[in-house]
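Chemist: mind folding the following:
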Amino acid sequence: MKKLIAFFGLMISLFFLNNNLLAQDDDLLKLISVDKPKKEIVKNAFKSCRVINAHSMEFVRPGTMDFRILHRFGLLNQGYKNLYGLDQATMRMGFDFGITKNLMFGVGRSTVKKEVDAFIKYAPFLQATGEKSFPVTFAIVSGITIDGMPWADPIRPNYFSSRLGYYFQTIIGRKISEAFTLQVVPTLVHKNLVVETNDENDIYSVGVGGRMRLSKRISVNWDYFYVLNPLTNISFQNPLSLGFDIETGGHVFQLHFSNAVGMNERAFITETVGKWGKGEVRFGFNLSRVFQIKKKNLD
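Modeler: All right, here's what the predicted structure looks like:
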């Protein structure tokens, strides 16, 4: 009987000793455990929501308006008589609004064809780091353009719908490092009215854009679109733009050279005719100024 009591006493002692050791192990694991990094959205892949012509993977901050002036001079190869194109100019004035961190829209008006345009951009996935992060930003852009010019042939019956064009694109971009960003932009442009009967209403293209940081406030930017089925009534060239971004406090100032005249997707993707090799290139600038239009949440 004494042996039995001693046995049960030993078992009870071992049980409590084991629980005590497990509790100490848990406390030790808590002390040495490392918190998982929190998910953080990658910022400043580009300094603006436009690369040069193309939409970038960036968004206007919620509650702000980005007032943008896109300005392009005449052809460089016109020589000193036209001050290498500075005597002529085309422009687009735009207003972009940030709704949420991954949703924005904008409207604009161009002197080319007196065109009004509007777009909406949404990103179901944003590049992020940390737990449950996503390696790239995946954004969708949809836009509309309205030709404001008088009809060239007033006798021919035309409809308001003939003035309309649309574009749809996806942006797949990644900030690879603090110094380098790259994005790919498959795009469809639809024109309700085309000039030649053998031209297609749907024009497909693939764009690429990038940014290389030179300093804290200066970077080199470029965008290029390869058009798969260009219009046949013009001597079409794929649009290529190269330039610098300069951040000056509340402004982003872009200086660039481009063979495109138009500054919305329908115009520069379907109607570019300038040849870089012949100097049919235009100097221009984009000026961006962001305004706070909604009070920040201080909570």
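
Chemist: touching, Leu240 and Ser258? I think so.
Modeler: Yes: the criterion here is CB atoms under 8 Å, and Leu240 meets it with Ser258 at 7.1 Å. Using the backbone N, CA and C atoms, a C-beta is placed for each residue, glycine as well.

Chemist: between those two, tell me which one has more neighbours.
Modeler: Just comparing Leu240 and Ser258: by other CB atoms under 10 Å the higher neighbour count belongs to Ser258, 23 against 20.

Chemist: for the most centrally placed residue in the chain, what are its contacts?
Modeler: By CA atoms, centre = their mean, the chain has its centre lying nearest to Ser56, at 1.6 Å. Contacts for Ser56 (CB atoms under 8 Å, 6 or more residues apart in numbering) come out as Ala45, Phe46, Ser48, Cys49, Arg50, Ile171, Gly173, Gln183, Gly209.

Chemist: give me the number of residues near the second one?
Modeler: Burial measure for Phe46: 22 neighbouring residues, criterion other CB under 10 Å.

Chemist: quick check: closest non-adjacent residue to it.
Modeler: Spatial nearest neighbour of Phe46, excluding adjacent residues (CB to CB, 6 or more residues apart in numbering): Ser56 at 4.1 Å.

Chemist: any idea how far the one you found is from Arg266?
Modeler: 19 Å (CB to CB, to the nearest Å).

Chemist: which residues in the protein form helices?
Modeler: For the chain, the helices defined by DSSP state H cover 2-32, 265-270.

Chemist: rank those helices by pLDDT, which is bottom?
Modeler: Ranked on mean pLDDT, the bottom entry among those is helix 2-32, at a mean of 46.

Chemist: okay, and for the protein, where does confidence drop off?
Modeler: Applying pLDDT under 70 to the chain picks out residues 1-37, 153-154, 250, 295-299.

Chemist: try it again with 50
Modeler: When residues are selected by pLDDT under 50, those of the chain lie in 2-19, 21-23, 28-29, 31, 298-299.

Chemist: contacting residues around the longest strand that the chain contains?
Modeler: As assigned by DSSP state E, the longest strand anywhere in the chain is strand 164-177. Under the criterion CB under 8 Å, 6+ apart, residues 42, 44-45, 55-57, 123, 127, 135-147, 181-192, 207, 209, 265-266, 269 lie in contact with strand 164-177.

Chemist: before we move on, what about stretch 230-237?
Modeler: Stretch 230-237 is contacted by residues 194-196, 198-199, 203, 227, 259, 270-276 when judged by CB under 8 Å, 6+ apart.

Chemist: many thanks, we can stop here.
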